[in-house]
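S.K.: Sharing a sequence plus its predicted fold:
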Amino acid sequence: MYKFTNRNLHRDFAYFYVGLIIAFSFSGIILNHRQDWYPMDYTYESEEVSIALEANTADISQEYIEAFSTEWDVEYDGHRVRDNTLRVYYKDNVILDVDTKTGQGVLEYKRKVPFIGHTMFLHKSTNSFWIWYSDIFGAAMLLIAITGILIPNGKNGFKSRGWKFAVAGILFPLLFLILYA
């Protein structure tokens, strides 16, 4: 028969959620550094291209892009012009960036880095089932934290010194919000 104690709840919930804790930890760290490396769009092949562009970037249309894209065997998905750069999105995660002044650019074929890119999908997913599961996970993390602080007793327990670390752990993000938000 199962005995409901802080230690048992803490241990069993931690065992159940360890995979998600690891996945969210990896993807959270990577999302913090996505400007340096973004494993959801890892370039595995690229080629330099040269395109004769319209003089007026406002005249660049889907039909115009599809006409010069035929040599690459790609399917148009969308485009935008920003800061003298034409970015064309093709299906199957192919992206073209072209300097609108020179016509020089790079065609990049991208894919997810196995495991790491997929954990990022979990972190960013807006699927309603996944949102509910993540909310339950958040509640479980609260349970793990609360039961965890109640396990130790004596000189290393929460009442003796643990509360000091808890207060410091709460103050640090609050100070960050006050100073940098």
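M.R.: Yep, it's here.
S.K.: remind me, longest helix of the chain?
M.R.: Longest helix of the chain, by residue count under DSSP state H: helix 6-32.
S.K.: ok, and for the next helix or strand after that helix, which residues are buried?
M.R.: Counting by DSSP states H and E, the next helix or strand C-terminal to helix 6-32 is strand 42-50. Residues of strand 42-50 classed as buried by neighbour count (16 or more other CB atoms under 10 Å): Y42, V49. Using the backbone N, CA and C atoms, a C-beta is placed for each residue, glycine as well.
S.K.: cool, stretch 153-173 as well?
M.R.: So, applying 16+ other CB under 10 Å, buried residues of stretch 153-173: F158, G162.
S.K.: how far does it stretch from start to finish?
M.R.: Stretch 153-173 has an end-to-end distance of 27 Å (CA to CA, to the nearest Å).
S.K.: Report the mean per-residue pLDDT for it.
M.R.: Stretch 153-173 carries an average pLDDT of 90.
S.K.: can you list the residues that contact it?
M.R.: Identification of contacts with stretch 153-173 by CB atoms under 8 Å, 6 or more residues apart in numbering yields I149, L150, P152.
S.K.: Are we agreed that the last one is in a strand?
M.R.: No: the assignment for P152 is coil, going by DSSP: H, G, I helix; E, B strand; the rest coil, so no strand is present there.
S.K.: Run through the residues that contact it.
M.R.: F158, G162.
S.K.: how much space is there between it and I146?
M.R.: Distance from P152 to I146, counting by CB to CB, to the nearest Å: 13 Å.
S.K.: low-confidence ranges in this protein?
M.R.: Within the chain, the ranges that satisfy pLDDT under 70 run 55.
S.K.: What are the boundaries of the helices in it?
M.R.: Ranges of helices in the chain, per DSSP H, are 6-32, 62-69, 116-124, 128-150, 163-180.
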